[in-house]
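Asks: What follows is a predicted structure for the sequence shown.
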Amino acid sequence: MMTEHLHRMARNSQWMNKKLYAKVAALSDAEITKDRGAFSPSILGTLNHILVADMFWLRRISSSSTCKEALVPMRDKIMPTSLHDMMYDNIQTLTAEHQQPLAVLLQHLFNHQTHHRGQVTILLFQAGIDPEATDLLVIMMEES
């Protein structure tokens, strides 16, 4: 049951990232990097924060004997030093980040992503872009 839930959350995460990145790509660089007073001030900053936190968690998980093999590629990544590090300075290079498929992830990882993607949807609304439906139920209905 937990594995099925985590797989659903992984699919939802990929779906939402693809959807949000497409919306963000419609904005100018100035709009993407504009300080909007959010936790990580800009849209790009918030998306980078999600990536940095994921990298921290995946590095931690990579030391687990049960996940070790699937996360070997994480050991070779240049790691951020702070949750506010900007790993990429534009949306194009951020979205080109290589991803490894994982069978098992911590639920926290997905919850953290969902939380900050919610912030990005607010920032998109502020920039005049409608991010459309973002609920987990949408992808569940699309899959059935």
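Replies: That came through fine.

Asks: now Val11: how far from Asp130?
Replies: Just to correct that, residue 11 is Arg rather than Val. Distance of Arg11 to Asp130, computed by CB to CB, to the nearest Å: 23 Å. Backbone N, C-alpha and C define where each C-beta goes, glycine included.

Asks: ok, these two, which is more surrounded?
Replies: A direct count of neighbours by other CB atoms under 10 Å for Arg11 and Asp130 places Arg11 higher, at 15 against 9.

Asks: what's near enough to touch that one?
Replies: Counting by CB atoms under 8 Å, 6 or more residues apart in numbering, Arg11 touches 139, 143.

Asks: Secondary structure element holding it?
Replies: Arg11 belongs to helix 2-25 when assigned by DSSP states H and E.

Asks: For the protein, which segments count as helices?
Replies: Assigned by DSSP state H, the helices in the chain fall at 2-25, 29-33, 43-61, 91-95, 107-126, 136-143.

Asks: Flag every buried residue along the fourth one.
Replies: Residues 91, 94-95 are the ones in helix 91-95 that count as buried (16 or more other CB atoms under 10 Å).

Asks: quick check, nearest of the residues you listed to Ala22?
Replies: Thr95 (9.2 Å; CB to CB).

Asks: List the residues that contact the closest one.
Replies: Going by CB under 8 Å, 6+ apart, Thr95 touches 21, 25.

Asks: run the last query once more with 7 Å
Replies: Counting by CB atoms under 7 Å, 6 or more residues apart in numbering, Thr95 makes contact with Tyr21.

Asks: try Leu51
Replies: Contacts of Leu51 by CB under 7 Å, 6+ apart are 87, 94, 97.

Asks: and Leu83, how many neighbours does it have?
Replies: For Leu83, the count of nearby residues is 12 (other CB under 10 Å).

Asks: Would you check that my belief about it contacting Asp54 is correct?
Replies: No: the criterion here is CB atoms under 7 Å, and Leu83 misses it with Asp54 at 11.0 Å.
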